[in-house]
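# all I have is the shape, not the residue letters:
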């Protein structure tokens, strides 16, 4: 079976680590937006579990893992509690969080693609849902916080590494060479691309021929 | 069966009452935001049915009750029509609406938790979906109206009574003592907590140690 | 079978044409909002496929057509690529796009209603989901772009023709007279109503007795 790529315990620990990091990012945004304790919990949960929830609804994996796996649900609440009490300290290690977030991005786009394929979707659709798993939670978080999703606007090259990672998994599946080694390669590629994008401020392009530079500043 | 807690007729009448009140709140927001007649109908429908729709999608109850039960669909349209023609009068009884809304909150978090459990979810997940049933419609309404969900920000203690109610139901189920009496207790507890929170302006806490008071005013 | 109203090839070509036009509208909004290339692709996909995705989730058609039919997924990306490189030219033919958009509206509300009915929903629910198919993508697009959905506010009479078209299909099904001719009539009626609404600036009414004209200008 595909999802026994790693021993179950390791897979589960990696999932929880990814969820924890994503939840922390969500809770920090909630604090910045001055949300109350309930809003902090909601944004932590949505950021960490929203992408997987979207994927599970689309592939018919009901109830979604977010609701069938208790540890997936509790982990974001722990992250929310930590941010609630210690957010100045948490913000201080923002750079470290970004590194873990990049790791979570790689992990989620790979496991999301694999899970969608296991449920019978085609390779392109699986890669698309792997991408949705990785970035969907962040988009939902920004929508709830009433902000333009940073993913769509900030040109931060957040999505592109995830696109690459999900596509690599789809190609590996297509050539029937998906195994722990190739899976690891896809995760690491996504992770490294994201770190390089942050380090060198790579930017996604805007549409060609934008004539109005005023629009840029709005 | 769990959902025969009340005679079906009473259960249905209570559901319709809750839907009507939630729809009225949604339609009033649409009028305040200057939406047209179509927007008023959409916001009434989304506020009243959105929470249950989210729950039904997550538990695999397809088609959702919102679409399989005609009276659930028509009731918000009636509320929208009333608000469309009589909104100054409706706004004048805003306090009464808030009381009914608190009752709807209690009812929905209890029935939502029960329904999720019937579909095989765990107790924690059931309580979470009960909460989503009660407050999800209001969040969707605010997202469509392009506002920060008041639930997350306004510190109104709207969600906390629903959390308590849903948790009570989960505990009752866990101890196998869910019956019309304990169900009623959970509904009334939620209702009374919500009224007390409004009456005494209870506030949900912000994150500890917010150093910047400037942020508060932004 | 109901959905063999047209020869499959024609039906598919019409679907792709509708998807292409909706995707173009989404991509153009993304350019106006200064989104990067990834945001342009996402808004094209969401606008074109979001409505059908909502419908498919609600009727239990899993995986949704957006993910099971590769051409549905690729078409919006082609539209996004065209807008990315040629958006000034595309914007110049905005009037033509609006005409095609009206055609897509008619097509989608009719096919959406038909598909929902085939999955066993009642006539009212089918018409509601037909409407959601036609306008849901645009609402999701506006939510992601952090704007109040133009559908709810701009009084453009965008939704009303779709309501009429979806209702006509439901009535035809109810009287058992749905066939290629009546389907065509419903599509053309929606299309023409929408064109007339644009041409004569028909406006959907606001709530009665709005006393504050200040609110209008906000």
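Nice, I can see it. Because the structure is a prediction, the values reported are computed rather than measured.
# now do the contacts for residue A:21.
Neighbouring residues of residue A:21 by C-beta atoms under 8 Å, 6 or more residues apart in numbering or on different chains: A:97, A:100-101, A:103-104. C-beta coordinates here come from the backbone N, C-alpha and C atoms, glycine included.
# ok, now how distant is the spatially most central residue of chain A from chain C?
By C-alpha atoms, centre = their mean, chain A has its centre lying nearest to residue A:134, at 3.0 Å. Noted for residue A:134: a distance of 13 Å to chain C, by C-beta to the nearest C-beta, to the nearest Å.
# tally of neighbours for residue A:26?
31 (other C-beta atoms under 10 Å in any protein chain shown).
# and if you look at residue A:200?
Residue A:200 has 9 neighbours, counted by other C-beta under 10 Å.
# returning to that earlier point: pLDDT at the residue nearest to the centre of chain A, what is it?
For residue A:134, the pLDDT comes out at 94.
# hang on, isn't it packed against residue A:169?
No - if you go by C-beta atoms under 8 Å, residue A:134 and residue A:169 don't touch, sitting 11.3 Å apart.
# okay, and the common contacts of those two?
Between them, residue A:134 and residue A:169 share these contacting residues under C-beta under 8 Å, 6+ apart: residue A:109.
# list, one by one, the residues from chain A near chain C.
Residues of chain A lying close to chain C (C-beta under 8 Å from any C-beta of the partner chain) are A:57-60, A:119-122, A:124-125, A:128-129, A:139, A:143, A:146-149, A:151-155, A:159-160, A:163, A:203-211, A:215-216, A:218.
# the same query, at a cut-off of 6 Å, please.
Proximity of chain A to chain C, by C-beta under 6 Å from any C-beta of the partner chain, involves residues A:57-60, A:121, A:124-125, A:148, A:152-153, A:155, A:159, A:204-209, A:215.
# any residue of the helix or strand where residue A:58 lies touching chain B?
If you go by DSSP states H and E, residue A:58 is part of helix A:37-59. Yes - using C-beta under 6 Å from any C-beta, helix A:37-59 reaches chain B at A:37-39, A:42, A:57.
# near chain B, which residues of chain A?
Within chain A, the positions lying close to chain B (C-beta under 6 Å from any C-beta) are A:31, A:35-39, A:42, A:57, A:62-63, A:67, A:70, A:84-85, A:87-88, A:146.
# now, of the residues you listed, which are buried?
A:31, A:35-39, A:42, A:57, A:62-63, A:67, A:84, A:87, A:146 (16 or more other C-beta atoms under 10 Å in any protein chain shown).
# what does the helix holding residue A:58 contact?
The contact list for helix A:37-59 (C-beta atoms under 6 Å, 6 or more residues apart in numbering or on different chains) reads A:19, A:22-23, A:25-27, A:30, A:64-66, A:76-77, A:79-80, A:84, A:112, A:116, A:119, A:129, A:132-133, A:136-137, A:140-141, B:57, B:152, B:159, B:204-205, C:57, C:63.
# could you tell me the average pLDDT over it, please?
pLDDT averaged over helix A:37-59 gives 95.
# quick one: that helix to helix B:37-59, angle?
Angle between the axes of helix A:37-59 and helix B:37-59 is 80 degrees (criterion: axes from the mean of the first three to the mean of the last three C-alpha atoms, to 10 degrees).
# check which element follows helix A:37-59 along the chain.
Assigned by DSSP H and E, the successor of helix A:37-59 is helix A:65-68.
# mean confidence for that next one?
Helix A:65-68 comes out at a mean pLDDT of 92.
# on that earlier part again, against residue B:93, how distant is the residue nearest to the centre of chain A?
Distance, residue A:134 to residue B:93, by C-beta to C-beta, to the nearest Å: 48 Å.
# who's in contact with residue A:139?
Residues in contact with residue A:139 (C-beta under 6 Å, 6+ apart) are A:149, A:151.
# rewinding a little: what's the distance between the helix holding residue A:58 and the middle of its chain?
Relative to its parent chain, helix A:37-59 has a centroid offset of 11 Å by C-alpha atoms, centre = their mean, to the nearest Å.
# can you check stretch A:135-144 too?
From the chain centre to the centre of stretch A:135-144 is a distance of 10 Å (C-alpha atoms, centre = their mean).
# how many neighbours does residue A:8 have?
Using other C-beta under 10 Å, residue A:8 has 9 other residues around it.
# ranges for the helices of chain A?
A:8-32, A:37-59, A:65-68, A:70-92, A:94-118, A:123-144, A:150-153, A:159-174, A:180-199, A:214-217 (DSSP state H).
# grab the nearest non-local neighbour of residue A:113.
Once flanking residues are discounted, residue A:113 sits nearest to residue A:130: 2.9 Å by C-beta to C-beta, 6 or more residues apart in numbering or on different chains.
# now the contacts of residue A:21 as TSV including neighbour count and distance to residue B:47?
Shown next, in TSV, are the contacts of residue A:21 (neighbours: other C-beta atoms under 10 Å in any protein chain shown; distance: C-beta to C-beta, whole Å):
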residue	neighbour count	distance to residue B:47
A:97	17	36
A:100	18	38
A:101	21	34
A:103	20	39
A:104	28	34
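# dump these into CSV; add pLDDT as well.
Listed next are the contacts of residue A:21 as CSV, based on pLDDT from 0 to 100:
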residue, pLDDT
A:97, 83
A:100, 85
A:101, 88
A:103, 89
A:104, 90
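# my understanding was that residue A:110 contacts residue A:189; is that so?
No - the pair residue A:110 / residue A:189 is not scored as a contact, 9.7 Å apart, by C-beta atoms under 6 Å.
# okay, now the residue nearest to residue A:119 when sequence neighbours are not counted: neighbour count?
Closest residue in space to residue A:119, ignoring its immediate chain neighbours: residue A:59 at 4.0 Å, by C-beta to C-beta, 6+ apart. By other C-beta under 10 Å, the residues close to residue A:59 number 24.
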